[in-house]
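Novice: next one to model:
(chains A, B and C)
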Amino acid sequence: MPELPEVETTRRGIEPHLVGRNINRMVVRNGRLRWPIPDELPAWAQDQTIVRVERRSKYLFLVLERGTVLVHLGMSGSLRILLDDPTPNKHDHVDLELDNGTRLRYHDPRRFGLWLYTETDVHGHRLIENLGPEPLTDSFDFDYLYPRTRKRKTKIKTLLMDAKLVVGVGNIYANEALFLSGIYPHKLAGRLTKAECHSLVSNVKSLLAMAINQGGTTLKDFVGADGKPGYFAQSLNVYGRAGLPCRLCATLIKEVRTNNRSTCYCHQCQS
DNA sequence: AACGGCACCTGGTCGC
DNA sequence: TGCGACCAGGTGCCGT
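Specialist: Modelled structure (predicted):
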């Protein structure tokens, strides 16, 4: 579910409610996520103060006094701030009870997410250390991208979704960025022109920035920390629009499979 | 090293 | 109405 804009929307939503608060108790109802939640995590987190909330790639870091909790939302996860204690449903797997009576509740039907922790520098964590640059920083630019496409025989869409190249671009935004740049998703990365790489860098940045400003994309079940959906879905040009007319040329949008993921594109606008 | 495929899990939708 | 097949926003890991 959540790509970078949805995770950043979540971060912005929860941060003001968490920073400076003490964790009274961590309740794990079902710890069988992508990896099991460590048995000792609740006791370790208890009575620690939350210093700040960061995002790296699609991971959220709850920075505590003596280490960091890593949270990933997987395909179907969400985090909400609750002002009271409504009865949890069967997919509300984790609660962080804070010292002012509010709580952070983790909901994840498919349980592809994760809650792990480290007592050392989180950027050196094995899941984090080999990630590529953040797309919205200056470290992701033409001079970075272009040489990394040379001699690559993989499809540009596959490369764009590879977190070792650049983080945060999942299936929706890969489809959308390629449309904005007029690039056929199955074009081999090594065949991109310099102009196409310039365009792709530019469009990835503006696309993600706009999506964040709209509170992310809600196709089905994504909600921000306040429980409200994002509004970027109405701005999508190709994803979820197979069979509908292209907004630029009215040609019907096609849908094909790329490494078992759906790929939507305009045959006329993208080559 | 680079690349493609699979698994992990639940729930919604579609066709018969 | 019921049932099975298939699909879904991620990504680490495995085999080639």
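Novice: what is the burial count for the residue in the stretch 151-271 of chain A that DNA strand C sits nearest to?
Specialist: Closest residue of the stretch 151-271 of chain A to DNA strand C, C-beta to the nearest atom of the strand: A:Gly170 (1.9 Å). Any C-beta I mention is one placed from the backbone N, CA and C, and that applies to glycine too. Neighbour count for A:Gly170, taken as other C-beta atoms under 10 Å: 21.
Novice: got a pLDDT number for it?
Specialist: With respect to pLDDT, A:Gly170 scores 96.
Novice: swap in A:Val223?
Specialist: Model confidence at A:Val223, expressed as pLDDT, equals 87.
Novice: so what's it closest to, chain neighbours aside?
Specialist: A:Ser78 (5.4 Å; C-beta to C-beta, 6 or more residues apart in numbering).
Novice: before we move on, back to that, and the residue of the stretch 151-271 of chain A closest to DNA strand C, how close does it get to DNA strand B?
Specialist: Taking C-beta to the nearest atom of the strand, to the nearest Å as the measure, A:Gly170 falls 13 Å from DNA strand B.
Novice: show me what contacts that residue?
Specialist: A:Glu3, A:Leu4, A:Lys58, A:Met161 (C-beta atoms under 8 Å, 6 or more residues apart in numbering).
Novice: in helices, which of the residues you listed appear?
Specialist: A:Leu4 (DSSP state H).
Novice: and the contacts of A:Gly170 near DNA strand C, which?
Specialist: A:Glu3, A:Lys58, A:Met161 (C-beta under 7 Å from any atom of the strand).
Novice: now those in a markdown table, with distance to A:Arg21, pLDDT and neighbour count?
Specialist: Below are these laid out as a markdown table (distance: C-beta to C-beta, whole Å; pLDDT from 0 to 100; neighbours: other C-beta atoms under 10 Å):
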| residue | distance to A:Arg21 | pLDDT | neighbour count |
| --- | --- | --- | --- |
| A:Glu3 | 28 | 93 | 23 |
| A:Lys58 | 24 | 96 | 25 |
| A:Met161 | 35 | 97 | 21 |
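Novice: OK, contacts around the spatially closest residue to A:Lys187 that is not a sequence neighbour?
Specialist: Nearest in space to A:Lys187, with sequence neighbours left out and distances taken as C-beta to C-beta, 6+ apart, is A:Ile156 at 5.3 Å. For A:Ile156, the contact set (C-beta under 8 Å, 6+ apart) comprises A:Thr149, A:Leu178, A:Ile183, A:Pro185, A:His186, A:Lys187, A:Leu188, A:Ala189, A:Leu192, A:Leu200.
Novice: so the third one, which of the three states?
Specialist: Reduced to three states with DSSP: H, G, I helix; E, B strand; the rest coil, the structure at A:Ile183 is coil.
Novice: what sits against it?
Specialist: With contact taken as C-beta under 8 Å, 6+ apart, A:Ile183 is in contact with A:Ile156, A:Leu192, A:Glu196, A:Ser199, A:Leu200, A:Gln270, A:Ser271.
Novice: residues making contact with the host helix or strand of A:His93?
Specialist: In this structure, A:His93 sits in strand A:92-98 according to DSSP states H and E. Strand A:92-98 has contacts (C-beta under 8 Å, 6+ apart) with A:17-18, A:21-31, A:33, A:37, A:45, A:88, A:103-108, A:111, A:115.
Novice: neighbour-wise, which one of the contacts of A:Ile183 leads?
Specialist: With neighbours taken as other C-beta under 10 Å, the top of those is A:Ile156, carrying 26 neighbours.
Novice: model confidence for the closest residue to A:Ala189 other than its chain neighbours, exactly?
Specialist: Distances taken as C-beta to C-beta, 6+ apart put A:Arg152 closest to A:Ala189, at 3.9 Å, once the chain neighbours are dropped. Listed pLDDT for A:Arg152 reads 96.
Novice: hmm, stretch A:234-241 in reach of DNA strand B?
Specialist: No: Stretch A:234-241 lies out of reach of DNA strand B by C-beta under 7 Å from any atom of the strand, never closer than 12.5 Å.
Novice: report the backbone C-alpha coordinates of that stretch in CSV.
Specialist: This file holds the C-alpha atoms of stretch A:234-241, laid out as CSV (Å, rounded to 0.1, in the frame of the first residue of the first chain):
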residue,chain,number,x,y,z
GLN,A,234,-7.7,11.9,-8.5
SER,A,235,-4.4,13.1,-10.1
LEU,A,236,-3.3,9.7,-11.3
ASN,A,237,-2.9,9.6,-15.1
VAL,A,238,-2.3,5.8,-15.8
TYR,A,239,-2.4,3.7,-12.6
GLY,A,240,-5.9,2.1,-12.3
ARG,A,241,-7.0,3.7,-15.6
